[in-house]
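K.L.:
Quick check, what structure comes out for this input:
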Amino acid sequence: MGANHSRNDLNLSDSDSDSSTESETRTRTDYTSDEYQTPTKTPSSSSKSPQTTSSLDDIETRLESLKLKYNPQIKNSLKLYHHIGGHTQKSKWVVSEKITFFKFVKIGENGADDVEEEGEGEIEGNGKWVLKVGSRIRVVVDELLQMKVFKEEKRVDFVANGGVWAMRFSDDEGFRVFLERYESCLFENRHGYEDNEENKVRVFGKDFIGWGVPEKADDSMWDAEDAFEKSPERVYKTPVRGGGDLREEFEEAASGGGTIQSLALGALDNSFLVSESGVQVVRNYTHGIQGKGVYVNFDIESSNGRFGGGGGARTTPRKALLMKAETNMLLMSPMSTGKPHASGLHQLDIETGSIVSEWKFEKDGTDITMRDITNDNKGAQIDPSGSTFLGLDDNRLCRWDMRDRHGIVQDIVNNESTPVLNWAQGHQFSRGTNFQSFATTGDGSIAVGSLDGKIRLYSITSMRQAKTAFPGLGSPITHIDVTFDGKWILGTTDTYLILICSLFTDKDGKTKSGFSGRMGNRISAPRLLKLNPLDVHLAGGNKFRNAQFSWVTENGKQERHLVATVGKFSVIWSFQQVKDGAHECYQNQVGLKSCYCYKIVPKDDSIVESRFMHEKYAVSDSPEAPLVVATPMKVSSFSISSSRLRL
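P.N.:
Prediction:
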């Protein structure tokens with residue numbers, strides 16, 4: 001069921017591609033057709049001596065035999081290819097322009113015509129750098145291009161104009177110049193400053209200069225803490241399609257009549273599929289989750305006649321959080337469609353099937369909102385005595401307590417008024433933090449991702465001052481996860497995942513985590529996890545969502561995989577492979593190391609959530625616990641056997 005992806009195997013050789021150029025097939029608008037043939041050429045009506053088809057073929061054969069190369073007189077010369085056929089058997093690269101050139105130009109704030117060429121001047125205001133390639137490509141330089149570099153081939157693949165393209169350069173110098181100019185223009189478009197050493201220090205800080213200049217980073221920690229045994233015969237290879245790497249155990253439709261909105265996996269006996277009208281209870285097995293035929297409808301009347309963000313409005317639960325040994329669930333709904341903020345939440349008693357409380361967020365007598373909630377630590381949901389949880393808003397980080405100030409659990413069932421949660425700990429920042437998502441480690445340390453791309457680490461003792469603040473790379477962090485031991489942090493952006501090592505060596509030579517102390521200047525550069533340009537195109541322009549590690553809740557256990565969702569794809573990376581500095585993806589790269597080796601699990605519908613079950617459900621022949629993939633109407637479980645673990 002799973003599919004491996006590598007587009008490096010597509011041949012761009014001149015002899016193969018020149019015989020089917022895009023200029024010859026430009027009249028064909030359906031590139032997904034079963035056949036791709038060069039149309040028969042028709043002689044011009046103005047020709048004095050009409051030629052036969054055979055004579056034209058003879059001329060074309062003679063021209064191709066010359067194997068014309070790039071014109072060295074054209075500055076920045078290259079050959080432009082266009083990919084057609086998707087992942088079908090007919091997929092191939094065709095030549096779009098045999099001899100063309102690239103140019104970086106800067107456009108004005110209103111998108112006016114080109115005003116300056118890269119390297120020849122600057123303009124006032126907030127103009128953007130644009131890449132022009134021949135007559136076909138004119139695009140803003142940003143992450144949406146999804147540039148992938150093949151250094152040995154002097155080749156760059158990218159996404160633009162609704163398609164996938166490749167540039168092959170005529171010489172090393174032109175290739176080098178392109179990469180330097182591209183990185184420079186990308187930096188300026190991202191951060192608003194000219195690309196130079198001073199501004200890189202200004203953006204990243206002196207301690208994090210390796211994020212902007214990767215060759216200056218200290219990456220020794222990536223291999224220092226390796227919980228996996230490396231065997232000499234273990235070789236990572238870029239995968240190919242059709243390997244049958246994931247086995248689908250079963251798939252079943254959601255019950256209860258509602259569409260699945262979120263997935264709450266349990267570490268004990270049950271997991272839960274949350275819809276707008278109730279919760280379906282499913283059973284946990286070593287081969288995945290399966291329905292029990294039990295559906296708990298939301299009891300609206302027990303929550304003062306409404307379910308949602310207040311004011312009588314009913315909205316769909318956006319967040320489900322298990323508590324009290326997974327016998328209770330907190331359900332948080334946004335106040336209005338399109339905005340994540342909520343003024344309160346509901347507490348569902350799963351055993352009785354009743355909503356026992358509608359809690360309100362309040363601080364010092366003033367109603368406030370939350371955009372996200374999470375457990376106190378990675379294993380808190382299986383604690384039967386737990387009564388606290390964490391809350392996050394744009395400029396707030398706090399801990400809520402469901403007990404009253406005298407330590408007595410509030411009796412909610414017969415209380416007509418909405419109870420108020422107790423603000424037990426936290427801080428309201430004046431402005432500017434723009435928090436988006438957060439996650440906790442096994443000991444309760446907190447990682448928070450922000451709109452500006454920063455990731456802040458807070459210790460278990462204070463929510464006021466971050467111990468470490470990693471700079472952003474220009475893209476908002478929309479979701480964040482952290483390993484149980486706190487050594488690795490995984491951030492989700494729209495176009496890539498960012499994996500950060502939090503370990504550092506202090507002045508006494510001891511290895512510590514960025515959650516417990518200031519990291520100094522020996523900080524590793526992050527690694528990026530990306531899709532190949534063709535897979536970006538096949539994903540339909542959808543964004544990455546909710547990247548997570550596989551799930552462990554015990555010291556000494558190591559997460560094995562990472563999974564993220566993009567449109568109808570669940571994308572899986574091997575954690576060990578991403579960390580391995582000798583992995584072939586990292587050879588001959590430019591800039592931050594980026595891993596393109598992954599598996600894709602495709603579904604017929606948009607995926608709501610993809611998560612690995614708790615590691616206790618892994619068995620001897622499948623060291624990784626099953627992967628659960630939920631779509632609006634169905635839920636599927638996949639197993640990975642020990643012989644198929646190599647991504």
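K.L.:
Poorly predicted segments of the stretch 501-647 of the chain, please.
P.N.:
Along the stretch 501-647 of the chain, the parts satisfying pLDDT under 70 run over 620-621, 641-647.
K.L.:
where do the strands sit along it?
P.N.:
Secondary structure of the stretch 501-647 of the chain, counting by DSSP state E, counting those that start in this stretch: strands at 503-505, 511-513, 527-529, 544-549, 561-566, 569-574, 594-595, 599-602, 609-612, 627-630, 634-639.
K.L.:
Mind jotting down where the helices sit in the stretch 51-200 of the chain?
P.N.:
For the stretch 51-200 of the chain, the helices defined by DSSP state H, counting those that start in this stretch occupy 53-66, 172-191, 197-204.
K.L.:
quick one: Pro214 and Gln589 touch, right?
P.N.:
No. With contact defined as C-beta atoms under 8 Å, Pro214 does not count as touching Gln589 (9.1 Å). From N, CA and C alone the C-beta is placed, and that goes for glycine too.
K.L.:
Identify the residue spatially nearest to Ser275, adjacent ones excluded.
P.N.:
For Ser275, ignoring the flanking residues on the chain, the nearest one in space by C-beta to C-beta, 6 or more residues apart in numbering is Gly258 at 2.9 Å.
K.L.:
where's Pro476 relative to Asn270, distance?
P.N.:
Distance from Pro476 to Asn270, counting by C-beta to C-beta, to the nearest Å: 34 Å.
K.L.:
mind listing what's buried in stretch 481-494?
P.N.:
Residues of stretch 481-494 classed as buried by neighbour count (16 or more other C-beta atoms under 10 Å): 481-493.
K.L.:
Which of the residues you listed fall in helices?
P.N.:
In helices, defined here by DSSP state H, there are no members of those.
K.L.:
Out of those residues, which comes closest to Ile446?
P.N.:
When the buried residues of stretch 481-494 are ranked by distance to Ile446 (C-beta to C-beta), Val482 comes first, at 8.5 Å.
K.L.:
which ones are touching Asn297?
P.N.:
256, 277-278, 353 (C-beta atoms under 8 Å, 6 or more residues apart in numbering).
K.L.:
Would you mind naming the helix or strand containing Leu330?
P.N.:
Here Leu330 sits within strand 328-332, counting by DSSP states H and E.
K.L.:
by contact count, what packs against that strand?
P.N.:
When contacts are defined as 3 or more C-beta pairs under 8 Å, 6 or more residues apart in numbering; DSSP states H and E, strand 328-332 sits against strand 270-275, strand 319-323, strand 344-349.
K.L.:
could these go into CSV alongside mean pLDDT and distance to Gly581?
P.N.:
Output for the helices and strands packed on strand 328-332, formatted as CSV (pLDDT from 0 to 100; distance: least, C-beta to C-beta, whole Å):
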stretch, mean pLDDT, distance to Gly581
strand 270-275, 93, 36
strand 319-323, 94, 37
strand 344-349, 92, 44
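K.L.:
Kindly state which of these is positioned closest to Gly365.
P.N.:
Nearest of the helices and strands packed on strand 328-332 to Gly365, taken as C-beta to C-beta: strand 344-349 at 15.2 Å.
K.L.:
where does the following helix or strand past the closest one sit relative to the chain's centre, distance-wise?
P.N.:
Following strand 344-349 in sequence order, the next helix or strand is strand 354-360 (DSSP H and E). Chain-centre distance of strand 354-360: 34 Å, with C-alpha atoms, centre = their mean, to the nearest Å.
K.L.:
One more: stretch 456-468?
P.N.:
Mean-position distance between stretch 456-468 and its chain equals 25 Å (C-alpha atoms, centre = their mean).
K.L.:
likewise stretch 591-605?
P.N.:
Taking C-alpha atoms, centre = their mean, the mean C-alpha location of stretch 591-605 is offset from the chain mean by 9 Å.
K.L.:
and it, which residues are buried?
P.N.:
591-603.
K.L.:
Now distance to Asp394 too, for those residues, in JSON lines please.
P.N.:
Output for these, formatted as JSON lines (distance: C-beta to C-beta, whole Å):
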{"residue": "Gly591", "distance to Asp394": "31"}
{"residue": "Leu592", "distance to Asp394": "28"}
{"residue": "Lys593", "distance to Asp394": "32"}
{"residue": "Ser594", "distance to Asp394": "30"}
{"residue": "Cys595", "distance to Asp394": "32"}
{"residue": "Tyr596", "distance to Asp394": "34"}
{"residue": "Cys597", "distance to Asp394": "36"}
{"residue": "Tyr598", "distance to Asp394": "32"}
{"residue": "Lys599", "distance to Asp394": "36"}
{"residue": "Ile600", "distance to Asp394": "34"}
{"residue": "Val601", "distance to Asp394": "34"}
{"residue": "Pro602", "distance to Asp394": "35"}
{"residue": "Lys603", "distance to Asp394": "33"}
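K.L.:
for the residues you listed, which one is nearest Gln465?
P.N.:
The nearest member of the buried residues of stretch 591-605 to Gln465, counting by C-beta to C-beta, is Leu592 at 28.0 Å.
K.L.:
doesn't Leu529 make contact with the closest one?
P.N.:
No. Taking contacts as C-beta under 8 Å, Leu592 lies outside contact range of Leu529: 10.9 Å.
K.L.:
picking that back up, may I have the strands that pair with the strand holding Leu330, each with its orientation?
P.N.:
Note on strand 328-332: by DSSP bridges, its sheet partners are strand 319-323 (antiparallel), strand 344-349 (antiparallel).
K.L.:
any idea which of those is most buried?
P.N.:
Ranked by mean neighbour count under mean count of other C-beta atoms under 10 Å, the strands paired with strand 328-332 are led by strand 344-349, which reaches a mean of 24.
K.L.:
about what we covered before: of all the buried residues of stretch 481-494, which comes closest to Asn377?
P.N.:
Distance to Asn377, by C-beta to C-beta, is smallest for Phe484 among the buried residues of stretch 481-494, at 8.8 Å.
K.L.:
do you know how far the closest one is from Arg456?
P.N.:
19 Å.
K.L.:
for Arg399, same thing?
P.N.:
16 Å.
K.L.:
Same question for Asn588.
P.N.:
Asn588 sits 34 Å away from Arg456, going by C-beta to C-beta.
K.L.:
Does Ser437 fall in a helix, a strand, or a coil region?
P.N.:
Using DSSP: H, G, I helix; E, B strand; the rest coil, the structure places Ser437 in strand.
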